[in-house]
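Undergrad: Mind folding the following:
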Amino acid sequence: MIDFGRYSRILPASQFVLLNLTLGIGHFLVLLNAGAYLPMLPYVTGSMDEPIAYVVWGQSDYFTAMGAALLIARTLMKRFGPKNITIAAYLAFSISSLAALFTIPYFALYTSIRVIQGFSAGLSLIPSFFLLLEYYKEEEQHVATSLWGLALFVPFSIGPVLGGWLAYKLGDWTLLFSFSFFIALAVSGILWALLADWDDKTDRSFPLADSLRLFVILFSAALALQEYFDVGLLSDLSSRFKEFWWLFFAFALLAWLFWFENGKADHPIVQFSLFAKPNFAAGMLLLCLAFMAFQGAIVQYIIRVQVVEGYTAWHVGLLFLPVFVFSKPLSIFAQHMIRKGMDPRILAFLSLVLLSASFRWVSGYVRPATWETLLAPQFLMGAGLGLLFVSMTAISLSHIPKKDQLHGVDLLNTARNFSAGLAITFSDIGWDRLSDYEMNRLASPDESDSARMLQIFDSPRLLHEQFSLQASFLTFNDLFYLLSIILAILAFAIWLLKPVVRKDPDMVILENLGEEP
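TA: Next up is the predicted model:
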């Protein structure tokens with residue numbers, strides 16, 4: 001029998017277990033909404049009567065808002081305390097989930113609600129974790145860190161399965177929002193009742209106005225950049241020049257204003273001095289590029305296996321369960337090896353090589369491929385993913401002063417989430433370009449081939465459909481082959497970074513925070 005009371009610093013054993021379960025469910029829920037939504041996109045298209053090029057906005061904006069929230073969460077914690085921010089974040093997530101449910105017919109309003117939902121999801125992550133740590137005895141906090149880390153790979157593994165189950169097995173993708181409303185509301189209510197007597201650590205004198213103003217400017221700049229490429233997706237970056245110029249002008253103006261205002265602020269929300277450390281700046285760049293390649297691949301895989309190869313959302317989701325088999329165990333292994341003194345560049349290199357190899361494997365299939373054969377590369381993908389975040393966090397923070405390392409982790413996670421939002425759009429644009437190339441290649445080399453195909457398929461419409469299908473099969477493999485090359489280049493670029501000094505064993509918390517989506 002486990003004695004839970006020996007882990008708790010304050011609460012009785014029963015309440016301590018309830019606290020762990022409640023925070024764990026809440027953490028699982030907000031991460032689930034990042035991953036479960038992807039296999040639902042073809043179903044969202046049908047419900048909203050909008051093409052996929054539009055409905056992906058809700059997902060890309062969700063990631064952008066989640067990343068931005070990580071930069072303001074710690075500031076709000078200082079002013080209001082982790083308990084108050086955690087409860088408020090889950091309550092906002094609950095309300096925005098309900099609002100999303102009722103605004104599905106209204107595209108612009110629905111997308112705006114997804115931004116609020118993503119922001120409240122991101123706002124809950126850091127305060128929830130530090131609230132959990134406060135209730136553990138100091139010598140047992142490694143247990144809290146391990147438990148918290150169990151949900152970190154949910155968006156890439158379990159999320160697609162549950163999303164596919166809701167959309168295909170239960171037949172209603174909107175149940176994601178219904179469940180999110182009730183569960184998040186229950187989490188906030190239980191936390192409020194359970195921790196009512198806890199005196200939250202707050203600093204009412206901490207200045208908040210400047211930080212909020214800077215955050216609004218930065219968040220607006222990030223959304224303007226995301227919308228620039230969202231609009232570019234609709235036109236393949238080749239028309240809508242008026243909208244492009246306005247969005248780019250807004251982004252440039254807001255980015256300059258943030259740079260200027262943040263530089264002279266007494267409490268900047270971004271410490272640009274950290275970028276003077278080569279490993280931090282280059283490590284962040286390599287992490288973002290690698291994650292963009294991975295995120296873009298995941299998005300296209302989940303969407304195209306459904307709309308091109310004809311698999312259901314449920315079967316697509318099941319393809320990602322193997323990712324979980326190796327991801328978390330190898331993440332723990334990476335932490336262990338780094339604390340023993342291994343250079344994290346070795347693990348980062350291995351991670352990118354494994355991801356490159358898995359993508360090269362995916363690109364080699366003769367399509368349409370059977371479901372069983374598609375499973376094997378996913379194990380390799382999970383192994384690469386498990387090593388990636390821990391090693392890149394260790395590399396990036398290796399020469400950062402200890403007092404700035406938490407802020408460094410926040411910057412890494414924010415940049416990675418911004419990159420995830422952009423990756424969704426970039427991958428769609430890349431797919432359209434590659435598809436056009438393959439379509440032209442199939443139709444143009446020999447007119448006699450087209451004439452012979454026309455005789456086979458009886459009508460130009462059937463011929464066009466067949467060419468489109470074959471072009472999609474080729475595009476699928478082209479995209480993953482290109483991404484495998486990019487990841488291989490990034491793997492060798494890791495060795496351009498400086499050797500990493502041996503880490504403090506207490507960095508395990510930072511490593512887990514560095515895995516936050």
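Undergrad: How many residues are close by Asp49?
TA: By other C-beta atoms under 10 Å, the residues close to Asp49 number 10. C-beta here means a position set from N, CA and C on the backbone, and glycine is covered the same way.
Undergrad: Need phi/psi at it.
TA: Main-chain torsions, Asp49, degrees, to the nearest 10: phi 60, psi 40.
Undergrad: ok, it - contacts?
TA: With contacts defined as C-beta atoms under 8 Å, 6 or more residues apart in numbering, Asp49 is in contact with no residue.
Undergrad: low-confidence ranges in the stretch 301-450 of the chain?
TA: The stretch 301-450 of the chain contains residues with pLDDT under 70 at 443-450.
Undergrad: again, 90 this time
TA: 303-311, 315-342, 364-376, 386, 390, 394, 397-410, 424-450 (pLDDT under 90).
Undergrad: close enough to count as contact, Ser396 and Gly408?
TA: Yes: assessed by C-beta atoms under 8 Å, Ser396 is found in contact with Gly408 at 6.8 Å.
Undergrad: so what's Leu162 scoring on pLDDT?
TA: As predicted, Leu162 sits at a pLDDT of 90.
Undergrad: show me the contacts for Tyr168.
TA: The contact partners of Tyr168, by C-beta under 8 Å, 6+ apart, come to 312-314.
Undergrad: Which helix runs longest in the protein?
TA: helix 405-443 (DSSP state H).
Undergrad: Would you indicate which residues of that one are buried?
TA: 405-431, 434-435, 438-439, 442-443 (16 or more other C-beta atoms under 10 Å).
Undergrad: tell me what it is packed against?
TA: Other helices and strands packing on helix 405-443, by 3 or more C-beta pairs under 8 Å, 6 or more residues apart in numbering; DSSP states H and E, are helix 52-80, helix 209-235, helix 278-307, helix 371-396, helix 460-493, helix 508-513.
Undergrad: and the fifth one, what's its mean pLDDT?
TA: Confidence over helix 460-493 (mean pLDDT, whole number) is 85.
Undergrad: and if you look at the first one?
TA: For helix 52-80, mean pLDDT rounds to 89.
Undergrad: For the next helix or strand after that helix, C-alpha coordinates in PDB please.
TA: Next along the chain after helix 52-80, taking DSSP states H and E as the criterion, comes helix 82-102. Provided in PDB are the C-alpha atoms of helix 82-102 (Å, rounded to 0.1, in the frame of the first residue of the first chain):
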ATOM      1  CA  PRO A  82      -0.300  30.100  -9.000                       C
ATOM      2  CA  LYS A  83      -3.600  28.900  -7.400                       C
ATOM      3  CA  ASN A  84      -5.600  31.900  -8.600                       C
ATOM      4  CA  ILE A  85      -4.100  31.800 -12.100                       C
ATOM      5  CA  THR A  86      -4.600  28.000 -12.500                       C
ATOM      6  CA  ILE A  87      -8.300  28.200 -11.500                       C
ATOM      7  CA  ALA A  88      -8.900  31.200 -13.700                       C
ATOM      8  CA  ALA A  89      -7.200  29.500 -16.700                       C
ATOM      9  CA  TYR A  90      -9.300  26.400 -16.400                       C
ATOM     10  CA  LEU A  91     -12.400  28.400 -16.000                       C
ATOM     11  CA  ALA A  92     -11.600  30.400 -19.100                       C
ATOM     12  CA  PHE A  93     -10.800  27.200 -21.000                       C
ATOM     13  CA  SER A  94     -14.200  25.800 -20.000                       C
ATOM     14  CA  ILE A  95     -16.100  28.900 -21.000                       C
ATOM     15  CA  SER A  96     -14.300  29.200 -24.300                       C
ATOM     16  CA  SER A  97     -14.900  25.500 -25.100                       C
ATOM     17  CA  LEU A  98     -18.600  26.100 -24.600                       C
ATOM     18  CA  ALA A  99     -18.400  29.200 -26.800                       C
ATOM     19  CA  ALA A 100     -16.600  27.300 -29.500                       C
ATOM     20  CA  LEU A 101     -19.400  24.700 -29.500                       C
ATOM     21  CA  PHE A 102     -22.000  27.300 -30.200                       C
END
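Undergrad: In terms of secondary structure, what does helix 82-102 contact?
TA: Helix 82-102 packs on helix 13-35, helix 52-80, helix 107-134, helix 175-194, going by 3+ C-beta pairs under 8 Å, 6+ apart.
Undergrad: Return the residues in contact with the residue lying closest to Gly283 once chain neighbours are set aside.
TA: Excluding the flanking residues, the one nearest Gly283 by C-beta to C-beta, 6 or more residues apart in numbering is Ser396, at 3.3 Å. By C-beta under 8 Å, 6+ apart, the contact list for Ser396 reads 279-280, 283-284, 287, 408, 412.
Undergrad: before we move on, the earlier item: next, show the common contact partners of Ser396 and Gly408.
TA: Phe280.
Undergrad: ok so, going back, just the buried residues of the contacts of Tyr168.
TA: 312-314.
Undergrad: ok, now which ones touch the nearest residue to Val270 once chain neighbours are set aside?
TA: Sequence neighbours aside, Asn262 is the residue nearest to Val270 in space, at 5.6 Å (criterion: C-beta to C-beta, 6+ apart). Counting by C-beta under 8 Å, 6+ apart, Asn262 touches 214, 218, 268-270, 272.
Undergrad: Could you say which helix or strand holds Asn262?
TA: Element membership for Asn262, per DSSP H and E: helix 241-264.
Undergrad: Dump the C-alpha coordinates for that helix into PDB.
TA: Extracted C-alpha coordinates of helix 241-264, given in PDB (Å, rounded to 0.1, in the frame of the first residue of the first chain):
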ATOM      1  CA  PHE A 241      -1.700  41.500 -52.400                       C
ATOM      2  CA  LYS A 242      -3.700  44.200 -50.600                       C
ATOM      3  CA  GLU A 243      -4.400  41.900 -47.600                       C
ATOM      4  CA  PHE A 244      -0.700  40.700 -47.700                       C
ATOM      5  CA  TRP A 245       0.600  44.200 -47.500                       C
ATOM      6  CA  TRP A 246      -1.700  45.300 -44.700                       C
ATOM      7  CA  LEU A 247      -0.900  42.200 -42.600                       C
ATOM      8  CA  PHE A 248       2.800  42.500 -43.200                       C
ATOM      9  CA  PHE A 249       2.800  46.200 -42.400                       C
ATOM     10  CA  ALA A 250       0.900  45.500 -39.100                       C
ATOM     11  CA  PHE A 251       3.300  42.700 -38.200                       C
ATOM     12  CA  ALA A 252       6.400  44.900 -38.900                       C
ATOM     13  CA  LEU A 253       5.000  47.900 -37.000                       C
ATOM     14  CA  LEU A 254       4.000  45.800 -34.000                       C
ATOM     15  CA  ALA A 255       7.300  43.900 -34.000                       C
ATOM     16  CA  TRP A 256       9.300  47.200 -34.100                       C
ATOM     17  CA  LEU A 257       7.100  48.700 -31.400                       C
ATOM     18  CA  PHE A 258       7.700  45.700 -29.100                       C
ATOM     19  CA  TRP A 259      11.400  45.700 -29.700                       C
ATOM     20  CA  PHE A 260      11.500  49.400 -28.700                       C
ATOM     21  CA  GLU A 261       9.100  49.300 -25.800                       C
ATOM     22  CA  ASN A 262      10.500  46.000 -24.400                       C
ATOM     23  CA  GLY A 263      14.100  47.400 -24.500                       C
ATOM     24  CA  LYS A 264      13.300  50.400 -22.300                       C
END
